[in-house]
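>>> okay, here's the prediction I keep looking at, along with the sequence it came from:
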Amino acid sequence: MSTFVEQARESVTRGVERRLSGRETQDGAGVRLTRLITPALQQRLDPFLMLDNFRNDRAEDYLGGFPDHPHRGFETVTYMIAGRMRHRDSGGNSGLLVPGGMQWMVAAGGLIHSEMPEQEAGLMEGFQFWINLPAARKMEQPRYRDFAPEAIPELTLPGGTRVRVIAGSFGEVRGAVTRPGTEPMLLDLHLPAGACLEVPLAAAVNAFVVPYRGALQVQETLVGEHELAVFDQRGDRVVLEARQASRAILAAARPLREPIAQYGPFVMNSAEEIHAAIRDYREGRFDAAQVGRL
């Protein structure tokens, strides 16, 4: 009896719990972007704290970039679709982000960084994730690494679907980054018209998809360009169908189920820890952070 129940559970395909449109806003020095994960979704999509999508072909909408600003208590992931951005941080790191490239920064105990455009015209497009760190890791040494496009593993499936494995693993392909605790899986999916892709999902993970070209069908729900579809929590896989050529970011991770205290660029577990982060930043303790390699 228990074997039958387990097999039945394994056969469940996840559907869409809700479909959301992002909120248009500005950040940094006036960069226009769409905020797809806001604080209202942090508990439901734990450990994902924020997701921004920037897509601007007017230079005045991105030239200000993201000048020096602090972070503590979480990880940032910036994945580029188009354009060029330069990262610099208080540990002396510098890296150029180009189309198809990515940077992974573990802010942890605190650092200051900037992301500034290295172009004066043309399309600037990409995504930035904020992923929470477990309480036990929030004050560890910050770490940083940037990845050239060719450093992100990918595979092409029969039928032409291409999967770029930014983090975690897909099938036998291990991604550019693996992280303990939350074990995030981040995939950039390129599906030709008519393609159908099954993505395995561990039972405990929170997961969602954001098409950034075209649209995807998930069971009875059509998810359009720049919408975020939250998958329900029952099932061990999701099936994506492309009625037209489509591209999408799919994300999944294990929830931390810890308290979240956020004040701007600081994410800790209590108000007292937030006050300490503000004090440390104001007293210059982020200015010469020792930043290790991821």
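Looks like it arrived, so ask away. Worth saying up front: this structure is predicted, and the values here are computed from it rather than measured. Numbers count the residues shown, from 1 in each chain.

>>> beta partners of the most centrally placed residue in the chain?
Compute the mean C-alpha point of the chain, and by C-alpha atoms, centre = their mean the closest residue is Phe129, 3.2 Å away. Per DSSP bridges, the residues bridged to Phe129 are Leu51, Val77.

>>> what's the distance between it and Ile278?
24 Å (C-beta to C-beta, to the nearest Å). C-betas here are computed from N, CA, C, even on glycine.

>>> ditto for Phe54
Counting by C-beta to C-beta - Phe54 and Ile278 are separated by 27 Å.

>>> which one's more surrounded, those two?
Phe54 (23 against 15; other C-beta atoms under 10 Å).

>>> you'd agree the more buried one is in a helix?
No. Phe54 sits outside any helix when classified using DSSP: H, G, I helix; E, B strand; the rest coil, being strand.

>>> what's the nearest residue to it if we skip its chain neighbours?
Leu33 (4.2 Å; C-beta to C-beta, 6 or more residues apart in numbering).

>>> which element, helix or strand, includes the one you found?
strand 31-37 (DSSP states H and E).

>>> send me that strand as CSV with only the CA atoms.
The C-alpha trace of strand 31-37 is given here as CSV (Å, rounded to 0.1, in the frame of the first residue of the first chain):
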residue,chain,number,x,y,z
VAL,A,31,17.3,52.6,-13.8
ARG,A,32,13.9,51.5,-15.0
LEU,A,33,13.0,47.9,-14.2
THR,A,34,10.2,45.5,-13.4
ARG,A,35,10.1,44.1,-9.9
LEU,A,36,8.7,40.6,-10.1
ILE,A,37,9.2,39.4,-6.5
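
>>> that strand pairs with which strands?
strand 23-27 (antiparallel), strand 48-56 (antiparallel).

>>> out of these, which is the most enclosed?
strand 48-56 (a mean of 21; mean count of other C-beta atoms under 10 Å).

>>> show me what the very next helix or strand once past that one is packed up against.
Downstream of strand 48-56, the first helix or strand assigned by DSSP H and E is strand 66-71. In this structure, strand 66-71 packs against strand 111-117, with contacts taken as 3 or more C-beta pairs under 8 Å, 6 or more residues apart in numbering; DSSP states H and E.

>>> for the strand it packs on, what is the distance to the chain centroid?
17 Å (C-alpha atoms, centre = their mean, to the nearest Å).

>>> what's the answer for stretch 270-277, then?
The answer for stretch 270-277 is 25 Å, by C-alpha atoms, centre = their mean.

>>> now do that stretch, average pLDDT.
The predicted model assigns stretch 270-277 a mean pLDDT of 98.

>>> who touches it?
With contacts defined as C-beta atoms under 8 Å, 6 or more residues apart in numbering, stretch 270-277 is touched by 72-73, 110, 138, 259, 261-263, 266, 268.

>>> residues of it that come out buried?
For stretch 270-277, burial by neighbour count (16 or more other C-beta atoms under 10 Å) applies to 273-274, 276-277.

>>> again, but for stretch 146-154
146-147, 152, 154.

>>> put the alpha carbons of it into CSV.
Extracted as CSV, the C-alpha positions of stretch 146-154 are listed here (Å, rounded to 0.1, in the frame of the first residue of the first chain):
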residue,chain,number,x,y,z
ASP,A,146,31.8,36.4,-12.4
PHE,A,147,31.2,33.8,-15.2
ALA,A,148,31.8,34.3,-18.9
PRO,A,149,29.0,32.9,-21.2
GLU,A,150,31.0,29.8,-22.1
ALA,A,151,31.4,29.0,-18.3
ILE,A,152,27.7,28.4,-18.0
PRO,A,153,27.0,24.7,-18.9
GLU,A,154,24.2,24.0,-21.3
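
>>> quick one: work out the angle between the strand holding Leu33 and strand 111-117.
Interaxial angle of strand 31-37 relative to strand 111-117 (axes from the mean of the first three to the mean of the last three C-alpha atoms, to 10 degrees): 120 degrees.

>>> quick one: strand 31-37 to chain centroid distance?
Distance, centroid of strand 31-37 to centroid of chain: 13 Å (C-alpha atoms, centre = their mean).

>>> quick one: it to strand 66-71, angle?
Using the same axes, to 10 degrees: strand 31-37 against strand 66-71 is 30 degrees.

>>> so which bits of strand 31-37 are buried?
So, applying 16+ other C-beta under 10 Å, buried residues of strand 31-37: 31-37.
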